[in-house]
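1. Give me a 3D structure for the following:
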Amino acid sequence: MQYTDLPLEELRAYAPALVEPDDLDDFWAATIDRARAASTSEAARVPVEGPVRTVIVEDLTFPGFGGEPVRGWVLRPRDGLPAPAVVEFVGYGGGRGLPGERLGWASAGYVHVVMDTRGQGSGWSLGDTPDPHGSGPAIPGVMTRGIRDPHEYYYRRVFTDAVRLVDAVAAMPFVDPDRIAVTGGSQGGGIALAAAALSGRVGAVMPDVPFLCDFPRAITRSLHDPFTEITRYLAMHREAADATRRTLSYFDGAVLARRITAPALVSVALMDEIVLPSTVFAAFHALASTDKTLAVYEFNGHEGGGIHHWMRQTAWLAALW
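-> Take a look at the predicted model:
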């Protein structure tokens with residue numbers, strides 16, 4: 001493996017002046033208000049029996065975009081006392097998986113909530129949430145579903161699901177609503193940035209090698225999926241380039257990061273072939289947080305810091321709260 005992007009000294013200075021739509025805030029405020037108004041039910045938790053005995057495991061269903069049901073897991077300490085929460089979003093192609101795969105945060109004393117990603121969950125981990133929306137012609141995958149119109153784009157639904165999950169977590173009786181962190185790797189990191197930017201209830205953000213940032217650079221420089229789903233789409237739909245760029249500007253983590261003021265711990269890997277390091281630096285530099293840290297893994301690919309970074313996250317959160 002080798003470095004996949006700019007030298008580190010250039011990455012530390014990379015802060016592109018990305019253009020954001022004039023109606024970005026109105027677009028997201030209307031989207032989230034509509035989702036909250038469409039919810040006719042509250043989040044529901046059902047106890048799960050199984051081999052996990054040291055933490056409480058619950059099957060979660062909460063109203064997401066359009067009030068549509070979205071699945072998840074809640075794993076929490078057995079004492080039931082109010083505790084900080086870590087809300088986790090999942091990488092591309094994955095779903096919420098099985099509870100036994102995700103015991104770390106609850107074992108560390110946090111309420112751990114994992115969101116199933118609608119319409120995914122058949123790539124490398126299991127999912128249970130459909131995406132009951134069609135789209136026009138698209139490349140296999142989700143990156144180009146509805147990409148010509150921000151109102152129809154797939155990630156409008158996913159980002160809204162994430163905000164509504166934070167709403168649901170804040171209302172849980174065993175969660176301290178002033179101490180909610182969001183995290184995730186790759187796509188999960190991009191969703192975490194969106195949730196932190198749009199929710200108003202996130203107290204800390206920990207995106208790990210975040211995807212979905214600095215689209216202008218990512219779609220012209222990335223050599224691998226998922227970003228190349230977009231370039232293959234535009235290779236066929238030559239007339240859609242301007243509309244596509246406009247749509248993506250509403251969902252760019254390096255644009256939404258300008259609205260994040262919560263403390264942030266971000267990771268980047270300099271040999272990452274999936275998420276170009278420069279796109280992570282773009283998002284990090286855009287953060288409005290006064291307390292922000294970037295963990296650089298010089299000799300790692302898209303796996304980032306792995307368990308070593310999780311250890312760093314736990315220490316960082318413990319010092320914060």
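2. Helices of this structure, residue ranges please.
-> 8-11, 24-38, 104-107, 154-170, 187-199, 215-221, 227-236, 241-249, 253-256, 277-286, 306-320 (DSSP state H).
3. what's the second one packed up against?
-> Counting contacts by 3 or more C-beta pairs under 8 Å, 6 or more residues apart in numbering; DSSP states H and E, the secondary-structure elements packed against helix 24-38 are helix 154-170. For every residue, glycine as well, the C-beta is placed using N, CA and C.
4. again, 10 Å this time
-> Judged by 3 or more C-beta pairs under 10 Å, 6 or more residues apart in numbering; DSSP states H and E, the packing partners of helix 24-38 are strand 55-63, helix 154-170, helix 187-199, helix 253-256.
5. cool, the third one as well?
-> Packing partners of helix 104-107 (3+ C-beta pairs under 10 Å, 6+ apart): strand 55-63, strand 69-77, strand 83-89, strand 111-115, helix 306-320.
6. so of the ones you listed, which one's packed in deepest?
-> strand 111-115 (a mean of 28; mean count of other C-beta atoms under 10 Å).
7. average pLDDT across it?
-> Strand 111-115 comes out with an average pLDDT of 98.
8. Flag the shaky bits of the stretch 201-321 of the chain, pLDDT-wise.
-> Across the stretch 201-321 of the chain, nothing is flagged by pLDDT under 70.
9. re earlier: to residue 134, which of the helices of the chain lies closest?
-> Closest approach to residue 134 among the helices of the chain (C-beta to C-beta): helix 154-170, 10.8 Å.
10. ok, longest strand in this structure?
-> strand 175-185 (DSSP state E).
11. Now do the contacts for the spatially closest residue to residue 104 that is not a sequence neighbour.
-> The shortest distance from residue 104 to any non-neighbouring residue, by C-beta to C-beta, 6 or more residues apart in numbering, is to residue 310 (6.3 Å). Residue 310 sits next to 104, 105, 108, 183, 185, 206, 208, 304 when contact means C-beta atoms under 10 Å, 6 or more residues apart in numbering.
12. Just give the number of residues close to the fifth one.
-> To tie it back to what came earlier, the one meant is residue 185. The local packing of residue 185 (other C-beta atoms under 10 Å) involves 29 other residues.
13. ok, it - contacts?
-> Counting by C-beta under 10 Å, 6+ apart, residue 185 has contacts 88-92, 94, 192, 206-211, 267, 275, 302-306, 309-310.
14. How about the first one?
-> Contacts of residue 104 were listed using C-beta under 10 Å, 6+ apart, and they are 75, 86, 88, 110, 112, 307, 310, 311, 313, 314.
15. out of those residues, who's nearest residue 233?
-> residue 88 (29.1 Å).
16. Compare the helices and strands packed on helix 104-107 and give me the one nearest residue 292.
-> That would be helix 306-320 among the helices and strands packed on helix 104-107, by C-beta to C-beta, at 11.1 Å.
17. Report the distance from the closest one to the chain centre.
-> 18 Å (C-alpha atoms, centre = their mean, to the nearest Å).
18. Nearest the geometric middle of the chain, what residue?
-> Geometric centre of the chain, nearest residue: residue 191, 1.8 Å, by C-alpha atoms, centre = their mean.
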